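*Asks:* Curious how this folds, go ahead:
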Amino acid sequence: MKASRIALFTLVVLLFVAEVQVSKAVTCSPVQLSACVSAITSSTPPSNLCCSKIKEQKPCLCQYLKNPNLKKFVDSPNARRVANTCGTPFPRC
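*Replies:* Next up, the predicted model:
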């Protein structure tokens, strides 16, 4: 009986998490990465806000790399360092 309750609880939690992930669409906005400017332009470590924004905007990075105005910032060695520090390696586009 206890095992079935745990299984049911686990299923409910998984369904809830899946619903949250499906309903949370990413709006691509490079302005969201402004929290990372100081970390990208200097050697300071990225803030928690910066890391969360990079993770949020990860699906958009290939789009940003295709934009000549954004590519020089997004594709810089420091930007890649910040992304790696945040645990979000760059995608292969």
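*Asks:* what's the residue closest to the geometric middle of this structure?
*Replies:* The chain has residue 55 as the residue nearest its centroid, 0.9 Å off, counting by Cα atoms, centre = their mean.
*Asks:* Report the buried residues of the helix or strand that contains that one.
*Replies:* Taking DSSP states H and E as the criterion, residue 55 maps to helix 48-57. Within helix 48-57, the residues scored as buried using 16 or more other Cβ atoms under 10 Å are 50-51, 53-54, 56-57. Where C-beta positions appear, they are placed from N, C-alpha and C, glycine not excepted.
*Asks:* What residues does the closest residue to the residue nearest to the centre of the chain other than its chain neighbours make contact with?
*Replies:* Among residues not flanking residue 55 along the chain, residue 88 sits closest, at 5.2 Å (Cβ to Cβ, 6 or more residues apart in numbering). Residues in contact with residue 88 (Cβ atoms under 8 Å, 6 or more residues apart in numbering) are 51, 54-55, 58.
*Asks:* Could you save those residues as a markdown table and add columns showing distance to residue 74 and pLDDT?
*Replies:* Formatted as a markdown table, these follow (distance: Cβ to Cβ, whole Å; pLDDT from 0 to 100):
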| residue | distance to residue 74 | pLDDT |
| --- | --- | --- |
| 51 | 16 | 97 |
| 54 | 10 | 95 |
| 55 | 15 | 95 |
| 58 | 11 | 93 |
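*Asks:* Residue 60 is in contact with residue 33, isn't it?
*Replies:* No. Counting by Cβ atoms under 8 Å, residue 60 stays clear of residue 33, with 9.2 Å between them.
*Asks:* More neighbours: those two, which one.
*Replies:* residue 33 (22 against 19; other Cβ atoms under 10 Å).
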